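[1] All I have is the shape, not the residue letters:
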């Protein structure tokens, strides 16, 4: 009875390495059954990656899997949630065992690290695409939302910005990376670090947060619109890696990349003046660098400052439909 | 800042009609936040439908949406769960407003009927495909699983079987339905009724259950393997509609269709002898016809009986990878 579809699901996905006690029923029935911790709320996110749009069709499946799961982990991080369970909808043109093996390797390495159990999904035939629905939980009422920013709050980001866009640029030029710098940027594009621990630590200090998936300007706009405020963004303060500075050739070019670089999976968040002193202590155990890049104001829009003057760099975020 | 992608999501998906009190945060943040009822477990299922595989690329989007959500509702029904929240990952080649409007019409009609709130998802550019992750809940410990069947239990199905395969046959012949019978079968293929109320009612009487998505023989095999038992299936007892009997031309041809017809979304379930008397009472308020089609035995495999003799009809289920 078992056709290829069933065989495939059984072989690769039942072998997933994480076994959580709160999973009452995992892969193999019509649906999974799980138990949520008491006094907790469920946090749910979904991301799709399509070959030819979010990654090249011949991209290394290890990297593709990492990116697909990392983007979801990053969404939960931005809420301050603890990731726990995921469903994988995998659409593949053919049953390519080498590809599947690589995909599982990348997927399981990351899921194991964050103790996320694959509880089900669907494997179908069609143009290559990956949809993951990741779930986690959070103490009731403690989610960090986009709508909590207030005038006077300070604007922060984690890590460095711009490396992902530079890495994508290396990929799209179609050649192998020609030096160590390009190779580093390429890996930063593929192997982003979801800020899961930092997100949880920010629950007690941040007034609003999101992860940078469409570019800082585009994503910051979401916070501003949801909160009904504006921001002054000092582009001179943007955290830029040495590799990006060398690749871009100038600090200004690097800053422009950093402002619109999508798929960074760093967090952008706001902190009230009263909580600013607690920020370093809250993040101390997470080993996450953060940089203050501006401040929230009344009004609407973003004022980008460069060397003390407001600039109009005609920045726009990453839009999969306009590309 | 808002590109087409954001506009589109806002316009069509924020208009979803269901507002549940347990949704703390719905569409519009990095993730949704929901509250699970006390003493309940979460039940999660995912189904993908790909254009050209699960439906024709030019299929009516109203019907496509119904089928995509109904297949997920059917999975929760098979567990005995109460559907509540869903995420939609929609991949579309272009922003076609007529198509989107039709899709939302079909999706919202069904989601409203079952009081399922769309809490998030992802809209991406690429070959048309739809992945829905549907969640619901169930009193702790009450899920109906596949592994609970025992020798002696009676084997049942809800509704009629075979109409979906006949309707698909009408579609694949490529012409418009030529008469009322073909039109009825076509609609049964597209507008299956997920057995949500029946599934909940079966919690107290069924020992195992699943929904028929790959064909009765294929799906029954899942129950048998999971439970370590076999079944005798009396094909003369299969519930067949008048339309199917007329379309197939003979009772035997109709029965063969019924055994392998996928995407029926009827339930197949087993009932211990001791609970058989309670079955009618449990289902009374659900207006769901059920038919006993066989019995569970020790051993393995399925013995299909026709007019008192075992037959080998070389039946196999629907495998999207072998087609």
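    Looks like it arrived, so ask away. Treat the numbers as computed from the prediction; the structure is a model and nothing was measured.

[2] Quick check, residue A:117 in contact with residue A:84.
    Yes: shown here, residue A:117 and residue A:84 form a contact pair, counting by CB atoms under 8 Å, at 7.2 Å. In short, each C-beta sits where N, CA and C put it, glycine included.

[3] in chain A, which spans are strands?
    Secondary structure of chain A (DSSP state E): strands located at A:23-25, A:32-34, A:40-50, A:82-92, A:117-125, A:129-139, A:154-158, A:208-211, A:230-234, A:267-271, A:290-297, A:301-306, A:309-310.

[4] any idea of the pLDDT on residue A:11?
    Listed pLDDT for residue A:11 reads 80.

[5] returning to what we had before: adding mean pLDDT as columns, could you present the strands of chain A in JSON lines?
    Below are the strands of chain A laid out as JSON lines (pLDDT from 0 to 100):
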{"stretch": "strand A:23-25", "mean pLDDT": "94"}
{"stretch": "strand A:32-34", "mean pLDDT": "97"}
{"stretch": "strand A:40-50", "mean pLDDT": "97"}
{"stretch": "strand A:82-92", "mean pLDDT": "96"}
{"stretch": "strand A:117-125", "mean pLDDT": "93"}
{"stretch": "strand A:129-139", "mean pLDDT": "98"}
{"stretch": "strand A:154-158", "mean pLDDT": "98"}
{"stretch": "strand A:208-211", "mean pLDDT": "97"}
{"stretch": "strand A:230-234", "mean pLDDT": "97"}
{"stretch": "strand A:267-271", "mean pLDDT": "98"}
{"stretch": "strand A:290-297", "mean pLDDT": "98"}
{"stretch": "strand A:301-306", "mean pLDDT": "96"}
{"stretch": "strand A:309-310", "mean pLDDT": "95"}
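
[6] With distance to residue B:147 and mean neighbour count as new columns, can those strands be given to me in JSON lines?
    Shown next, in JSON lines, are the strands of chain A (distance: least, CB to CB, whole Å; neighbours: other CB atoms under 10 Å in any protein chain shown):
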{"stretch": "strand A:23-25", "distance to residue B:147": "9", "mean neighbour count": "19"}
{"stretch": "strand A:32-34", "distance to residue B:147": "12", "mean neighbour count": "25"}
{"stretch": "strand A:40-50", "distance to residue B:147": "26", "mean neighbour count": "25"}
{"stretch": "strand A:82-92", "distance to residue B:147": "20", "mean neighbour count": "25"}
{"stretch": "strand A:117-125", "distance to residue B:147": "15", "mean neighbour count": "24"}
{"stretch": "strand A:129-139", "distance to residue B:147": "24", "mean neighbour count": "27"}
{"stretch": "strand A:154-158", "distance to residue B:147": "45", "mean neighbour count": "24"}
{"stretch": "strand A:208-211", "distance to residue B:147": "39", "mean neighbour count": "28"}
{"stretch": "strand A:230-234", "distance to residue B:147": "55", "mean neighbour count": "19"}
{"stretch": "strand A:267-271", "distance to residue B:147": "42", "mean neighbour count": "27"}
{"stretch": "strand A:290-297", "distance to residue B:147": "49", "mean neighbour count": "20"}
{"stretch": "strand A:301-306", "distance to residue B:147": "56", "mean neighbour count": "17"}
{"stretch": "strand A:309-310", "distance to residue B:147": "66", "mean neighbour count": "8"}
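
[7] just to revisit the earlier point, need the residues touching each of residue A:117 and residue A:84.
    Taking CB atoms under 8 Å, 6 or more residues apart in numbering or on different chains as the criterion, residue A:117 and residue A:84 both touch residue A:20.

[8] Show me the domain layout of chain A.
    A:4-139, A:146-310 (automatic domain parsing).

[9] how about residue A:162, what does it touch?
    A:238, A:240-241, A:244, A:248, A:254-255, A:257-258, A:261, A:264.

[10] At the contact with chain B, which residues of the stretch 151-300 of chain A appear?
    A:209-211, A:217-218, A:221, A:226 (CB under 8 Å from any CB of the partner chain).

[11] Chain B: which of those residues is nearest?
    The nearest member of those to chain B, counting by CB to the nearest CB, is residue A:221 at 4.3 Å.

[12] Tally up the residues packed near the closest one, please.
    By other CB atoms under 10 Å in any protein chain shown, 20 other residues sit near residue A:221.

[13] any idea how far it is from residue A:69?
    According to CB to CB, to the nearest Å, residue A:221 and residue A:69 sit 26 Å apart.

[14] Same check on residue A:138?
    19 Å.

[15] Over to residue A:92?
    Look at residue A:92 and residue A:69: by CB to CB, they are 17 Å apart.

[16] With adjacent residues omitted, what lies nearest to residue A:240?
    Counting by CB to CB, 6 or more residues apart in numbering or on different chains, residue A:240 lies nearest to residue A:254, which is 4.9 Å off, once chain neighbours are set aside.
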